[in-house]
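**Q** here is my input, please return the structure:
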Amino acid sequence: LCSSSSYAFGACTKLTNVPTGVFDISVGGVNACTDMQSCFISCGTASNVTTFTIANNLFDHLYKVTNFYGTFNGCTKFAGIPSGLFVNCVAATNFAYTFASNKHSSIPPNLFDSCTEVVEFSGTFYGNYSLTSVGIPEDLFRYCTKVTAFGSSTYSTGTFQACSNIGFTSIPATLFKYNVNVGFCKYTFAGCTYLSSIPTDLLRYNTVLSDVTGMFSSTAITSLSNNVFQYNRSITTVSSCFAYNAALQTIDTDLFNTNTSAANALVDFSDCFRSCTNVAFTTIPSNLFQYSINAKNFNGTFYSCSKVTSIPTGLFVNNLIIENLSGCFAYTGITSIPDYLFDNLTQVSNVSTCFGYCHDLTAIPSVLFDDVGTTRSVNFTSCFATTITSGTHNKITGAVPTLWTKGFSPIGTQCFYNRTAISNYYTEIPSNWK
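**A** Here you go, the predicted structure:
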């Protein structure tokens, strides 16, 4: 007896209905099938097909199936999930991409109630452009207490990623309340372009959560409060977490206060606020990273935040083991750099494009890099590069620090590219540094 129905009906583009009985074959009353991966992938997608439907009790005999990866992935005409579809699927562990790119406007409230062994929900409803906020039951994952990922390192696609219906504006406050073992929420709501707020205590019970890469990126969230990660002491990565939020206006200074005003576990802030371009997002809270003493990576953190005009003097005062500042403030609207912004940052090895293409920048403090490069080689590539030599893009005047004379053979390819207004541009700066 076949133990797998993987791809069994894959790409049957003219299929319109899957009736009762398809999986009723059994031995001793038990169906031996364990794998339903991509079983109906891209079914019912032909231009002359209007709807793709399945029987309510289609999976009633699939007691042993563990893998529902991509079962209905790409069934773009599939617009109604039967409420008891998985009622007997008690062995299921993987629902990654199960209903990706479908057309469901709502999800049955008891859909996963019997699936107590599930660990993986990455991409489950990815790209459901019809799904609305009211269509997401607040207790959808209540009995899935073993789940570890709503967007994992294995798949890197979030459970509700790219659900971009105009009616998808909010998240049920208790959606993850019972999922105490979740460690990964990578891109969970990324690309939910009308999502405008994060409910208080959404992640309150997810205390082992460690990775929220891209979780709320490309949304319409307007403000970030101090309770987003208040109970998440294990978070190490917020890479791209709020990137490309063109609506973001304000960030609470305690956004990353995950450990009750004590040192947190955060290491990676790369691209965290990349391309947050709202006209009201002009300032960075001065104490935003004050508890992140373990932080090492600020690559692109504020990259292309074009309306940010200033950098707080003590922004990195507690972040003494930073290694990467590449592109951190590139393409912003800053006009100046605090003299002692990088004081005591002796472990930095990469500042490439850190202030690149900041066209309103007028000067480089002579002491800015005094502590950078004292223990290792530093990459200064394109650190202060600008697009063209025109005055509107080339405002740095006066002399610049002689970074090329630092020890450990620094790399400075085009560090001062097109900065011809610098007073020592033609007399001191090496040709490969400009």
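**Q** tell me who's in contact with the closest residue to Lys177 other than its chain neighbours.
**A** Spatial nearest neighbour of Lys177, excluding adjacent residues (CB to CB, 6 or more residues apart in numbering): Tyr205 at 5.3 Å. (Glycine included, C-beta is placed from N, CA and C.) Taking CB atoms under 8 Å, 6 or more residues apart in numbering, we find Tyr205 in contact with Phe176, Lys177, Tyr178, Asn179, Val180, Tyr231.
**Q** try Ser218
**A** Contacts of Ser218 by CB under 8 Å, 6+ apart are Ala190, Gly191, Cys192, Thr193, Ala243, Tyr244, Asn245.
**Q** what do you get if the cut-off is 10 Å, keeping everything else the same?
**A** Counting by CB atoms under 10 Å, 6 or more residues apart in numbering, Ser218 makes contact with 161-162, 164, 187, 189-193, 195, 240, 242-246, 275.
**Q** could you dump the contacts of Tyr205 into JSON lines and include pLDDT and distance to Thr200?
**A** JSON lines is the format used below for the contacts of Tyr205 (pLDDT from 0 to 100; distance: CB to CB, whole Å):
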{"residue": "Phe176", "pLDDT": "98", "distance to Thr200": "13"}
{"residue": "Lys177", "pLDDT": "98", "distance to Thr200": "12"}
{"residue": "Tyr178", "pLDDT": "98", "distance to Thr200": "17"}
{"residue": "Asn179", "pLDDT": "98", "distance to Thr200": "17"}
{"residue": "Val180", "pLDDT": "98", "distance to Thr200": "18"}
{"residue": "Tyr231", "pLDDT": "95", "distance to Thr200": "11"}
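**Q** most surrounded residue in the residues you listed?
**A** For these, the largest number of neighbours (other CB atoms under 10 Å) sits with Phe176, at 26 neighbours.
**Q** ok so, going back, narrow the contacts of Ser218 to those in strands?
**A** With DSSP state E as the criterion, strands contain none of the contacts of Ser218.
**Q** of those residues, buried ones?
**A** Applying 16 or more other CB atoms under 10 Å to these, the neighbour count classes 161-162, 164, 187, 189-193, 195, 240, 242-245, 275 as buried.
**Q** quick one: which of these is nearest to Thr313?
**A** When the buried ones among the contacts of Ser218 are compared for distance to Thr313 (CB to CB), Phe242 wins out at 23.4 Å.
**Q** these two touch, right, that closest one and Phe256?
**A** No: between Phe242 and Phe256 there is no contact under CB atoms under 10 Å: 11.4 Å.
**Q** next, show the common contact partners of those two.
**A** Leu224, Val228, Cys272.
**Q** got TSV for these, with distance to Asn110, pLDDT and secondary structure too?
**A** Output for those, formatted as TSV (distance: CB to CB, whole Å; pLDDT from 0 to 100; DSSP: H, G, I helix; E, B strand; the rest coil):
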residue	distance to Asn110	pLDDT	secondary structure
Leu224	33	98	strand
Val228	29	96	coil
Cys272	37	98	coil
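**Q** of all those, which comes closest to Leu368?
**A** Using CB to CB, the shared contacts of Phe242 and Phe256 come closest to Leu368 at Cys272, 22.5 Å.
**Q** just give me the neighbour total for that closest one.
**A** 30.
**Q** how close does it get to Thr258?
**A** 14 Å (CB to CB, to the nearest Å).
**Q** which residue ranges of this structure form strands?
**A** 17-18, 53-54, 223-224, 250-251.
**Q** possible to save these as CSV with distance to Gly407 and mean neighbour count?
**A** Compiled in CSV, the strands of the chain are given as follows (distance: least, CB to CB, whole Å; neighbours: other CB atoms under 10 Å):
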stretch, distance to Gly407, mean neighbour count
strand 17-18, 69, 16
strand 53-54, 68, 18
strand 223-224, 40, 19
strand 250-251, 37, 17
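**Q** what is the neighbour count of Thr20?
**A** 12.
**Q** rewinding a little: common neighbours of Cys272 and Thr258, please.
**A** Counting by CB under 10 Å, 6+ apart, the common neighbours of Cys272 and Thr258 are Val238, Leu266.
**Q** test my guess that Thr76 contacts His104.
**A** No: Thr76 is beyond contact range of His104, at 11.0 Å (criterion: CB under 10 Å).
**Q** hmm, Val182 and Thr207 touching each other?
**A** Yes: assessed by CB under 10 Å, Thr207 is found in contact with Val182 at 9.3 Å.
**Q** which of those two has more neighbours?
**A** Set Thr207 next to Val182 and count neighbours by other CB under 10 Å: Val182 wins out with 28 against 14.
**Q** just the pLDDT at the more buried one, thanks.
**A** Looking at Val182, its pLDDT reads 98.
**Q** which ones are touching it?
**A** 119, 121, 141, 144-152, 176, 188, 203, 205-210 are the contacts of Val182 under CB under 10 Å, 6+ apart.
**Q** for stretch 383-396, output the C-alpha coordinates as CSV.
**A** Output of stretch 383-396 as CSV, limited to C-alpha atoms (Å, rounded to 0.1, in the frame of the first residue of the first chain):
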residue,chain,number,x,y,z
CYS,A,383,32.2,55.0,3.4
PHE,A,384,31.6,58.6,2.3
ALA,A,385,30.9,58.1,-1.5
THR,A,386,28.4,60.3,-3.2
THR,A,387,26.6,59.9,-6.5
ILE,A,388,28.0,62.8,-8.5
THR,A,389,30.3,65.8,-8.0
SER,A,390,27.5,68.3,-8.3
GLY,A,391,27.2,70.7,-5.4
THR,A,392,23.8,69.3,-4.4
HIS,A,393,25.4,65.9,-3.7
ASN,A,394,28.9,67.0,-2.8
LYS,A,395,28.7,69.2,0.4
ILE,A,396,31.6,67.8,2.5
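**Q** cheers, nothing more for now.
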